[in-house]
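Asks: I would like to see how this sequence folds:
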Amino acid sequence: RQYAGEHAEETAGTPEFAARSQHYTALGDSLTQCRFVSESGWGAQLNERYRDAINAATGWELSVDDVAEIGERIYNLERLVNVDRGVARRETDTLSHRVMTEPIPDGPSEGMFCPPDELSAMLDEYYEFRGWNESGVPRPETVERLDLEDVRSLAE
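Replies: Residues are numbered from 1 along each chain as shown. Take a look at the predicted model:
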């Protein structure tokens with residue numbers, strides 16, 4: 001539901017949608033909110049309610065874009081830690097064999113599956129959108145933009 005809109009049965013826009021959804025989720029998790037309550041009460045996308053709550057609690061003067069960047073920063077920090085621990089690289093950013101090889105047998109998504117070459121193409125777009133290299137590691141300029149230089153060594 002994050003960031004609203006209709007979602008066609010195609011891959012166009014999927015990498016960007018996934019990244020923005022991850023920012024929203026990382027922010028909500030950091031605020032220790034129940035996702036079901038927040039989506040129903042505050043909205044299923046980052047908006048003024050999230051900004052106002054954070055500003056009221058901290059005394060900051062953030063914009064909605066600032067709040068979205070906090071979510072992006074959190075997600076990239078998590079990625080750097082996971083890269084350092086060897087659990088996050090391109091080879092681990094995958095789907096199950098079944099999802100990539102067996103078409104859904106019935107229902108509204110009948111016949112759909114995600115072949116490995118389609119997943120690889122989406123990963124290329126996703127990494128580019130995120131500012132990560134081809135291995136799925138945040139690039140130095142992304143680390144710098146998000147003020148994560150103090151943990152940069154985790155990805156090196």
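
Asks: ok, so what distance separates the closest residue to Phe113 other than its chain neighbours from Glu118?
Replies: Spatial nearest neighbour of Phe113, chain neighbours left out: Pro103 (4.8 Å); criterion: Cβ to Cβ, 6 or more residues apart in numbering. Backbone N, C-alpha and C define where each C-beta goes, glycine included. Distance of Pro103 to Glu118, computed by Cβ to Cβ, to the nearest Å: 13 Å.

Asks: Between those two, which is the more surrounded one?
Replies: Neighbour count, other Cβ atoms under 10 Å: between Pro103 and Glu118, Glu118 has more, with 13 against 9.

Asks: before we move on, which element is that one in?
Replies: Glu118 belongs to helix 116-130 when assigned by DSSP states H and E.

Asks: got any ranges where this protein has weak pLDDT?
Replies: 1-11, 37-44, 152-156 (pLDDT under 70).

Asks: what's in contact with the helix holding Glu118?
Replies: Outside helix 116-130, the residues that touch it by Cβ atoms under 8 Å, 6 or more residues apart in numbering are 11, 14-16, 18-19, 76, 90, 93-95, 100, 133-134, 136, 138, 142.

Asks: Okay, and which of the residues you listed map to helices?
Replies: Among these, the ones falling in helices (DSSP state H) are Thr14, Pro15, Glu16, Ala18, Ala19, Asn76, Met100, Thr142.

Asks: can you redo the residues you listed as TSV with distance to Leu46 and neighbour count?
Replies: Below are the ones in helices among the contacts of helix 116-130 laid out as TSV (distance: Cβ to Cβ, whole Å; neighbours: other Cβ atoms under 10 Å):
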residue	distance to Leu46	neighbour count
Thr14	19	16
Pro15	18	19
Glu16	14	14
Ala18	15	16
Ala19	13	19
Asn76	16	24
Met100	31	15
Thr142	20	19
